[in-house]
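**Student:** next comes the sequence, and after it the predicted model I'd like to discuss.
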Amino acid sequence: MKNHLRELREDRGWTQGALADQLGVSRQTVNALETGRYDPSLPLAFRIARLFNRPIESIFLPPEDDDAHG
Amino acid sequence: MVTSTLDINVPAFHDGRMTNKLDRRDRSAGDRAASRAYQLDFWPGIAAYAVVLVAVLTWGDLDGTSPWRFLWAVLPVVPALWIVRAVLRHARRIDDYQRFLLLQALGGGFAVAMVASVTLAFLEIAGLGLAGTGWIIYGAGMLGWIITGAIVGRR
């Protein structure tokens, strides 16, 4: 799943490690999220949305295939 | 000038030149704390295992005839269980994604160990008498765990 996590983090001047600490996950996990290799669990997605004060759907973009079938 | 909602919380010290620094792969404070906790759990188990192993090889007389040799032979299980406990506690401590990677690595190790055990069993049936097959299976499984862990960790 694509997302805007990297832009949001960099706009705040945070390292991946700093974001990881605020979310309570590892830096490796933040990297996997940013590169789209890992889709967060719902609780983690809510934590991310709360941290950036944005709705989940403005951070995470559903895959295009899902839109076509939806 | 604010050009988008993303600009609102930008700290004054941040500009484009910092991107490389922001991409650095330093471990976070949480990573270091989890790693420290794992080391504190893991290494006493390894140290105890080494001590017990030396004791077994020195006084166990495993090649002898004493019935106590069986007790000596299973004695390394105690520190080994401590190591298993350390890995399980580590699995509970890490986040979902890391647990997923750990599961894949363990799965790789398990698959290699199973294939090795079946292969060795058939070789034994075919008449190839290998000594220490248990150690071969153990080594193959551990190697499978380590290699799979390295591969999934790099992706």
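**Tutor:** Received it, and whenever you're ready, just let me know what you need.
**Student:** ok, B:Ile136 touching B:Ala121?
**Tutor:** No: at 11.5 Å, B:Ile136 and B:Ala121 do not qualify as touching, with contact defined as C-beta atoms under 8 Å. All C-beta atoms are positioned from the backbone trio N, CA, C, and that covers glycine.
**Student:** what about the helices in chain B?
**Tutor:** Ranges of helices in chain B, per DSSP state H, are B:19-22, B:29-59, B:68-74, B:77-93, B:96-125, B:133-154.
**Student:** closest to A:Gly17 out of these?
**Tutor:** helix B:29-59 (7.2 Å; C-beta to C-beta).
**Student:** near chain A, anything from that closest one?
**Tutor:** Yes: against chain A, helix B:29-59 shows contacts by C-beta under 8 Å from any C-beta of the partner chain at B:29-31, B:34.
**Student:** repeat that for stretch B:104-116.
**Tutor:** No: using C-beta under 8 Å from any C-beta, stretch B:104-116 stays clear of chain A, coming no nearer than 12.3 Å.
**Student:** any idea of the mean pLDDT in that stretch?
**Tutor:** Average pLDDT, stretch B:104-116: 97.
**Student:** and the closest residue to A:Pro63 other than its chain neighbours, how many neighbours does it have?
**Tutor:** Spatial nearest neighbour of A:Pro63, excluding adjacent residues (C-beta to C-beta, 6 or more residues apart in numbering or on different chains): A:Met1 at 6.2 Å. Neighbour count of A:Met1, defined by other C-beta atoms under 10 Å in any protein chain shown: 14.
**Student:** just B:Ser66 next, same as before
**Tutor:** For B:Ser66, using other C-beta under 10 Å, the count is 11.
**Student:** one more: B:Met142?
**Tutor:** By other C-beta under 10 Å, the residues close to B:Met142 number 13.
**Student:** now do the contacts for it.
**Tutor:** By C-beta atoms under 8 Å, 6 or more residues apart in numbering or on different chains, the contact set of B:Met142 is B:Gly109.
**Student:** where's it relative to B:Ala55, distance?
**Tutor:** Remark: distance between B:Met142 and B:Ala55 (C-beta to C-beta, to the nearest Å) = 23 Å.
**Student:** same check, this time on A:Glu7
**Tutor:** With C-beta to C-beta as the criterion, A:Glu7 and B:Ala55 are 58 Å apart.
**Student:** these two touch, right, B:Val56 and B:Trp72?
**Tutor:** Yes: if you go by C-beta under 8 Å, B:Val56 and B:Trp72 touch, sitting 5.2 Å apart.
**Student:** find the residues that touch each one of the two.
**Tutor:** B:Leu62.
**Student:** count of neighbours near residue 42?
**Tutor:** I'll assume chain A. A:Leu42, neighbours per other C-beta under 10 Å, totals 9.
**Student:** um, chain B though
**Tutor:** Residues near B:Phe42, counting by other C-beta under 10 Å, number 17.
**Student:** check B:Val52 too.
**Tutor:** Residues lying near B:Val52 (other C-beta under 10 Å) number 18.
**Student:** low-confidence ranges in chain A?
**Tutor:** Scanning chain A for pLDDT under 70 picks out A:65-70.
**Student:** wait, B:Arg85 touches B:Pro44, no?
**Tutor:** No: with contact defined as C-beta under 8 Å, B:Arg85 and B:Pro44 do not form a contacting pair (10.6 Å).
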